[in-house]
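Chemist: Here is a sequence with its predicted model. Questions after.
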Amino acid sequence: MLLAEIVATSAAVAATRSRKAKVLALADALRHAGPDELETVVSYLGGTLRQRRTGLGWRGLSDLPEPAAGSTLSVTEVHEAFDALALIAGTGSQATRKAAVTALFGRATATEQTWLRGLVTGEVRQGALDALVQEAVAQVADVPLVAVRRAAMLSGSTLAAAVAAFRGGEAALSELGLEVGRPILPMLASSAPDIEAAMTKAVSSGPLAIDAKLDGIRIQVHRRGEDVLVVTRSLDDITARLPEVVEVVRNLPGGDLVLDGEALMLGPDGRPRPFQETASRTAQASGAAVVPYFFDLLHLDGTDLLDAPGTARMAALDALVPETHRVRRLVTDDPEQAAEFVAETLAGGHEGVIVKDPAAPYDAGRRGSAWVKVKPVHTLDLVVLAVEWGSGRRTGLLSNIHLGARDPETGGFVMLGKTFKGMTDEMLAWQTERFSELRTSDDGWVVHVRPEQVVEIAIDGLQRSSRYPGGVALRFARVVRYRDDKTAAEADTLDDVLALKTW
DNA sequence: TTCCGACAGTGGGGTCGCAAT
DNA sequence: ATTGCGACCCCACTATCGGAA
């Protein structure tokens, strides 16, 4: 199959907003894939490369050769070219990479170049990713969608599920279950503003389980015999970087197992260190130890527990893992007890809680209402210092705002971060108008404005920053509302912000 | 008919290793 | 030694479609 067919399909997918029509277009292309092209076609239709890392990014693709006049590249040729680039990424020089990029992109038409660049940077933006490709696979291979979904979640790979669906149908899909040593997609939590709302959302007839939410790195640990595997939320293998976690799991009783948990660094006082320290430690193989805390058990001694209710999994976990390596948990249906548990957890320096329906199975890869997270929110009234032009559906709109706190010493403002979150279409239209009025300069990317507009910002907290002049940056900033009842002179000061420091 | 779950998009800050400067 | 880039960690929120209620 020619790459051009994928690119044309992607354009057709992007051109319609109907998901059903997108799936039909994807299915059409899928039908034309030859047996030995299947993996590449499935992957490319979903807008992802088959290589995890290529060493290429937007910068490495900013200077491309003259495009080809006609389409000659096959999908297999493209895949092989990226295989070669992935090898260079491990060992090689910039010059070798450049030559390989020039060779590949020089054979692509202008349209193909643009699409390939999106493929590398993860910005194909056709309104369809894995989920719709799975639907197309189910249609073309004539197998139930739920079977494809489940196989993809349990193998951690839509590609593996697609191959199974086409080569062995439903039977092959059902064989693609949980296998110790092969990561599965982790179950995720939705969120609620407070504990009461979370308890209502995590629908259950009886009591609910409430877990402490630790601010570290999500870990999934597999043990088969002496072999231990540790992976992150995105299924990246970090076994070599966390030998202390391997040691803990190796010493647990029982046989084969799969655990879900969180790893983080603790201070000498036993309290959690800031996330940045855990992240630093987890990114390399040396440094002070992280401590694993587990909250779920997905497999034990040949028995899959995924479909067992939470109560059964918790009981098995409690029997297997000592309390020192378990996340703190309360089971209750009493809102007062729950609120007390939340207060204790926060006082212990933790991030929040996760409310869980104890009847629910482990829904790999899903973000349902069986798990609901609650974290405290702080709000600040800050001043907009500049705005950036948006991209994609925000093209032509002023989108990402630069935020500053008042500095009474100088009469100026100290930048603390940016945000593009929380804006409705109406707000985007309004702020485009408003900041155009306040504009003092525009370089085509950043529009600087007179510091007059106050905005209420919600954040999870502060983090250390070497980028911003105040030495702190906002964590997960989002817009709550614009405040026209306050002037910039009434905005929060840097001292008001620094009062939120927890270190 | 209305409601709501799932999806995709739009980007945020920080950390590391590595290569080029 | 510093800087820029790619890859990864943490992530919130809105708009939309289409099936569920």
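Modeler: Here it is on my side, so go on.
Chemist: what does the stretch 1-150 of chain A put close to DNA strand B?
Modeler: A:47, A:91-95, A:123-132, A:149 (CB under 7 Å from any atom of the strand). For glycine as for every other residue, the C-beta is placed from the backbone atoms N, C-alpha and C.
Chemist: Make a ChimeraX selection of whichever of those residues turn out to be buried.
Modeler: Filtering those down to the buried ones (16 or more other CB atoms under 10 Å) takes a single ChimeraX command:
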select /A:47,124,126,127,128,129,130,132,149
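Chemist: Next step: the residues of the stretch 1-150 of chain A next to DNA strand B restricted to strands.
Modeler: Residues of these located in strands (DSSP state E): none.
Chemist: So which of the residues of the stretch 1-150 of chain A next to DNA strand B are in helices?
Modeler: A:Thr91, A:Gln94, A:Ala95, A:Asp130, A:Ala131, A:Leu132, A:Arg149 (DSSP state H).
Chemist: how many other residues sit next to the nearest residue to the fourth one once chain neighbours are set aside?
Modeler: This points to A:Asp130. Among residues not flanking A:Asp130 along the chain, A:Thr158 sits closest, at 4.8 Å (CB to CB, 6 or more residues apart in numbering). Using other CB atoms under 10 Å, A:Thr158 is surrounded by 23 other residues.
Chemist: Just the closest residue of the stretch 301-450 of chain A to DNA strand B, please.
Modeler: For the stretch 301-450 of chain A and DNA strand B, the shortest gap (CB to the nearest atom of the strand) falls at A:Gly392, measuring 1.9 Å.
Chemist: give the contact list for that residue.
Modeler: By CB atoms under 8 Å, 6 or more residues apart in numbering, A:Gly392 lies in contact with A:Arg125.
Chemist: any idea of the pLDDT on whichever residue of the stretch 101-250 of chain A sits closest to DNA strand C?
Modeler: Using CB to the nearest atom of the strand, the single residue of the stretch 101-250 of chain A nearest to DNA strand C is A:Thr232, 2.8 Å away. Looking at A:Thr232, its pLDDT stands at 97.
Chemist: And for A:Ser93?
Modeler: pLDDT, A:Ser93: 79.
Chemist: Assign whichever residue of the stretch 51-200 of chain A sits closest to DNA strand C to helix, strand or coil.
Modeler: Scanning the stretch 51-200 of chain A for the residue nearest DNA strand C gives A:Gly57, at 2.4 Å (criterion: CB to the nearest atom of the strand). Of the three states, A:Gly57 takes coil under DSSP: H, G, I helix; E, B strand; the rest coil.
Chemist: Excluding covalently adjacent residues, which one is nearest to it?
Modeler: A:Thr121 (6.3 Å).
Chemist: Contact partners for that neighbour?
Modeler: Counted by CB under 8 Å, 6+ apart, A:Thr121 has contacts A:Gly57, A:Trp58, A:Leu61.
Chemist: same thing with A:Glu112?
Modeler: Counted by CB under 8 Å, 6+ apart, A:Glu112 has contacts A:Leu3, A:Ala4, A:Val7, A:Pro67, A:Ala68, A:Ser71, A:Leu73.
Chemist: if you look at the lengthiest strand in chain A, does any of it touch DNA strand C?
Modeler: Longest strand in chain A, counting residues (DSSP E): strand A:378-389. No: using CB under 7 Å from any atom of the strand, strand A:378-389 stays clear of DNA strand C, coming no nearer than 10.1 Å.
Chemist: Establish whether the next helix or strand after that strand and DNA strand B are in contact.
Modeler: Next helix or strand after strand A:378-389 toward the C-terminus (DSSP states H and E): strand A:398-407. Yes: counting by CB under 7 Å from any atom of the strand, DNA strand B has neighbours in strand A:398-407: A:Ser399, A:Asn400.
Chemist: what helices or strands is strand A:398-407 leaning on?
Modeler: strand A:378-389, strand A:412-419, helix A:425-437, strand A:454-459, helix A:494-498 (3 or more CB pairs under 8 Å, 6 or more residues apart in numbering; DSSP states H and E).
Chemist: which helices and strands does the first one pack with?
Modeler: Using 3+ CB pairs under 8 Å, 6+ apart as the contact definition, the elements that strand A:378-389 packs against are strand A:398-407, strand A:412-419, helix A:425-437, strand A:446-449, strand A:454-459.
Chemist: The third one now?
Modeler: Secondary structure elements in contact with helix A:425-437, counted by 3+ CB pairs under 8 Å, 6+ apart, are strand A:378-389, strand A:398-407, strand A:446-449, strand A:478-483.
Chemist: who touches the closest residue to A:Leu500 other than its chain neighbours in this structure?
Modeler: Excluding the flanking residues, the one nearest A:Leu500 by CB to CB, 6+ apart is A:Leu462, at 5.2 Å. Neighbouring residues of A:Leu462 by CB under 8 Å, 6+ apart: A:Val472, A:Ala473, A:Leu474, A:Arg475, A:Val497, A:Leu498, A:Leu500, A:Lys501, A:Thr502.
Chemist: can you put those in CSV and add secondary structure?
Modeler: Below are these laid out as CSV (three-state DSSP):
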residue, secondary structure
A:Val472, strand
A:Ala473, strand
A:Leu474, strand
A:Arg475, strand
A:Val497, helix
A:Leu498, helix
A:Leu500, coil
A:Lys501, coil
A:Thr502, coil
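Chemist: Check those residues for burial and list the buried ones.
Modeler: Using 16+ other CB under 10 Å, the buried ones in the contacts of A:Leu462 are A:Val472, A:Ala473, A:Leu474, A:Arg475, A:Val497.
Chemist: got the CA positions of stretch A:171-190 in CSV?
Modeler: Extracted C-alpha coordinates of stretch A:171-190, given in CSV (Å, rounded to 0.1, in the frame of the first residue of the first chain):
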residue,chain,number,x,y,z
ALA,A,171,-10.6,-17.0,19.3
ALA,A,172,-7.1,-15.4,19.0
LEU,A,173,-8.4,-12.2,20.7
SER,A,174,-9.7,-14.1,23.7
GLU,A,175,-6.2,-15.7,24.0
LEU,A,176,-4.7,-12.3,24.3
GLY,A,177,-5.5,-12.0,28.0
LEU,A,178,-3.4,-10.9,30.9
GLU,A,179,0.0,-12.5,30.8
VAL,A,180,2.4,-12.1,33.7
GLY,A,181,5.4,-10.2,32.3
ARG,A,182,3.5,-8.3,29.7
PRO,A,183,2.2,-4.9,30.9
ILE,A,184,-1.5,-4.0,30.6
LEU,A,185,-3.0,-0.6,30.4
PRO,A,186,-3.6,0.8,33.9
MET,A,187,-7.1,1.6,35.2
LEU,A,188,-7.5,5.4,35.6
ALA,A,189,-9.7,7.6,37.8
SER,A,190,-12.2,10.3,36.9
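Chemist: Now find how far off-centre that stretch is within its chain.
Modeler: 18 Å (CA atoms, centre = their mean, to the nearest Å).
Chemist: Next, the buried residues of that stretch.
Modeler: Buried residues in stretch A:171-190 (16+ other CB under 10 Å): A:172-173, A:176, A:178-180, A:182-187, A:189.
Chemist: next one: phi and psi at A:Ala202?
Modeler: The phi/psi pair for A:Ala202 (degrees, to the nearest 10) reads phi -80, psi 70.
Chemist: The residue nearest to A:Glu39 when sequence neighbours are not counted: how many residues sit nearby?
Modeler: Distances taken as CB to CB, 6+ apart put A:Leu159 closest to A:Glu39, at 5.6 Å, once the chain neighbours are dropped. A:Leu159 has 21 neighbouring residues, counting by other CB under 10 Å.
Chemist: Noted, bye for now.
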